[in-house]
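# Take this sequence and fold it.
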Amino acid sequence: MTGYIARGSKIGVAVSGGSDSVAVLHLVAEWAGLNDVSVHAATVDHGLRASSADEAKSVCDIARGLGVPHRTLGWSGWDGTGNLQDQAREARQLLLADWARTMGLEAVLLGHTQDDQAETFLMRLARGSGVDGLAAMAEARRAHGTLWMRPVLARTRDELKSWLVARGVDWVDDPSNEDLKFERVRFRKAADELAALGLDPARLAATATAMARAKTALLARALSSARKLAKVSSGVLVLDRDGLSELEEDTRFRLLAHALQWTSNQPYRPRYASLVRTWEQVQAGQASTLHGCQLIPRRAQLFIARELAAVAECHVSGEQVWDERWHVEPPEQHMTIAALGEAGLRALGEVSSDLPRAVLLSLPALWENETPIAVPALSWGLSVQVYSSPDMTSFLSGLIPH
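Below is the predicted model:
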């Protein structure tokens, strides 16, 4: 951790109360004391079991015994539908990221082990994931504005339990870890049988690491191609359609998926089958929509912009961020940012732009009452700047291996 965490900084530890995270808390508290680093701990109480509050209190007691400040973060967002573990995991990360920002933490440490690495690999293999899905969890990565670190990723769960037992340290066993309705638990229960076939956690983790190396190489190829084939014009991504068609399939669809994620600001990529279908339409010269975006082929170019239907109801005041992408400088509090739309485009009259008409409709405009007064992407109207935080640099950065 020394390479990531500077002396005198503050770091956080996410502690569920299980053996893995409790071991990390003890290890980090000891390490921090020797390296002039301040440690804070947090527990996310999902409120899904009657005992969860007591378990969070137990973690608080453990942290206090180590001289570590602790906070319990509550979540009550599950409505009983969808994948509980996926929703809880996402909520946990967002809550911890917000806590890290509030506390000014340099990083948040997680208790993932080699067993978690192996289980994740098997679960994704069962879902038919490709290289990206099968790639190993990183020891350090940035997401939601936070540096997440996994300092015990090379250790097994049993090793950490033995370390705790030798020191007389208790932990809390989550009963959901025995509930076979959860996919991860079923794979965990199959571990002994898989190990007998040569698929032990170490072998599976090594394969996941090999996949991570392959992913890095593929991303490097996609980044190189993007530098040649992509540009950003008025916040709209423009790709060289002929150049895309000449790329090998993996690079082409990797670029397209990233372009759609970047344009729509979505964390997940579209399904592969949808990408293939959309690309076939584009190659046939047909406009298409996917992932909240519109893809418009025009001669040798492919324009990728927000779909009007995805932003038509997005109206924010002039000092706010529109569509999580655009803001006015200087802020215009008495005005509104909204999509230009048909009415706005008619009000503009004749406009000079290289962008397709459908793209113009989804551009942000500054409105006063029902009248557009500025469309900065078209250099029209009131002299204000509507800035797009996404630019070519941010587009390329999403393809840089981390």
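
# can we go C-alpha only for contacts and neighbour counts from here?
Will do.

# Now do the buried residues in the top helix by length along the chain.
Of all the segments of type helix in the chain, defined by DSSP state H, the longest one is helix 201-229. For helix 201-229, burial by neighbour count (16 or more other C-alpha atoms under 10 Å) applies to 201-202, 204-209, 211-213, 215-216, 218-223, 225-226, 229.

# What of stretch 323-337?
For stretch 323-337, by 16+ other C-alpha under 10 Å, it's 323, 325-328, 332, 335-337.

# hmm, back to that, tell me which strands the helix or strand that the longest helix of the chain is followed by pairs with, and in which orientation.
Using DSSP states H and E, the helix or strand that follows helix 201-229 in sequence is strand 230-233. Next to strand 230-233 in the sheet, as set by DSSP bridges, lie strand 236-240 (antiparallel).

# Touching the strand it pairs with from outside, list them.
Residues outside strand 236-240 that contact it (C-alpha atoms under 8 Å, 6 or more residues apart in numbering): 229-232, 259, 263, 300-305.

# hmm, which of those are the buried ones?
Using 16+ other C-alpha under 10 Å as the burial test, the contacts of strand 236-240 include 229-232, 259, 263, 301-305 as buried.

# just checking, Leu360 touches Leu340?
Yes: using C-alpha atoms under 8 Å, Leu360 is in contact with Leu340, at 7.2 Å.

# Residues contacting stretch 26-35, please?
Contacts of stretch 26-35 (C-alpha under 8 Å, 6+ apart): 7-8, 38-39, 66, 68.

# correction: stretch 170-189
Here stretch 170-189 has contacts from 17-19, 22, 55, 85, 119-120, 122-123, 164, using C-alpha under 8 Å, 6+ apart.

# And the contacts of stretch 106-117?
For stretch 106-117, using C-alpha under 8 Å, 6+ apart, the contacting residues are 5, 9-15, 20-21, 23-24, 96, 100, 136-137, 146-157, 201-202, 204-205, 208.

# Inside helices: which ones of those?
Per DSSP H, the subset of these in helices is 20-21, 23-24, 96, 100, 157, 201-202, 204-205, 208.

# In JSON lines: those residues, plus pLDDT and distance to Glu183.
Formatted as JSON lines, the ones in helices among the contacts of stretch 106-117 follow (pLDDT from 0 to 100; distance: C-alpha to C-alpha, whole Å):
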{"residue": "Asp20", "pLDDT": "96", "distance to Glu183": "19"}
{"residue": "Ser21", "pLDDT": "96", "distance to Glu183": "21"}
{"residue": "Ala23", "pLDDT": "97", "distance to Glu183": "25"}
{"residue": "Val24", "pLDDT": "97", "distance to Glu183": "25"}
{"residue": "Leu96", "pLDDT": "95", "distance to Glu183": "24"}
{"residue": "Ala100", "pLDDT": "96", "distance to Glu183": "30"}
{"residue": "Arg157", "pLDDT": "95", "distance to Glu183": "18"}
{"residue": "Pro201", "pLDDT": "94", "distance to Glu183": "17"}
{"residue": "Ala202", "pLDDT": "95", "distance to Glu183": "20"}
{"residue": "Leu204", "pLDDT": "96", "distance to Glu183": "17"}
{"residue": "Ala205", "pLDDT": "95", "distance to Glu183": "18"}
{"residue": "Ala208", "pLDDT": "96", "distance to Glu183": "19"}
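
# Next secondary structure after the helix or strand of the chain with the lowest mean pLDDT?
When the helices and strands of the chain are compared on mean pLDDT, DSSP states H and E, strand 385-388 comes out lowest with a mean of 63. With elements assigned by DSSP H and E, the helix or strand that comes after strand 385-388 is helix 392-397.

# Now do that next one: which elements does it pack against?
Judged by 3 or more C-alpha pairs under 8 Å, 6 or more residues apart in numbering; DSSP states H and E, the packing partners of helix 392-397 are helix 201-229.

# relative orientation of the helix it packs on and strand 236-240 in degrees?
90 degrees (axes from the mean of the first three to the mean of the last three C-alpha atoms, to 10 degrees).

# Report the separation between Arg157 and Ser362.
Applying C-alpha to C-alpha, to the nearest Å, the value for Arg157 to Ser362 is 51 Å.

# And these two? Which one has more around it.
Neighbour totals were compared for Arg157 and Ser362, and Ser362 leads with 23 against 20 (other C-alpha atoms under 10 Å).

# Settle this for me: that one is touching Arg306, isn't it.
Yes: using C-alpha under 8 Å, Ser362 is in contact with Arg306, at 6.2 Å.

# Would you double-check that Leu73 falls in a helix?
No: under DSSP: H, G, I helix; E, B strand; the rest coil, Leu73 falls outside any helix and is assigned strand.

# Tell me where this protein is predicted with low confidence.
Within the chain, the stretches with pLDDT under 70 are 1-3, 47-50, 77-85, 330-332, 384-389, 402.

# switch to 80 and redo it
Counting by pLDDT under 80, the chain shows low-confidence ranges at 1-4, 46-52, 75-88, 174-179, 328-333, 351, 376, 382-390, 401-402.

# what residues are up against the spatially most central residue of it?
The structure's the chain has its C-alpha centroid closest to Pro267; by C-alpha atoms, centre = their mean the separation is 4.6 Å. By C-alpha under 8 Å, 6+ apart, the residues touching Pro267 are Gln261.

# With adjacent residues omitted, what lies nearest to Ala6?
Closest residue in space to Ala6, ignoring its immediate chain neighbours: Val37 at 7.7 Å, by C-alpha to C-alpha, 6 or more residues apart in numbering.

# ok now do that neighbour, which residues does it touch?
Contacts of Val37 by C-alpha under 8 Å, 6+ apart are 6-11.

# Reformat the residues you listed as TSV; add neighbour count and distance to Leu290.
Converted to TSV, the contacts of Val37 look like this (neighbours: other C-alpha atoms under 10 Å; distance: C-alpha to C-alpha, whole Å):
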residue	neighbour count	distance to Leu290
Ala6	14	43
Arg7	13	47
Gly8	11	47
Ser9	16	43
Lys10	20	42
Ile11	23	40
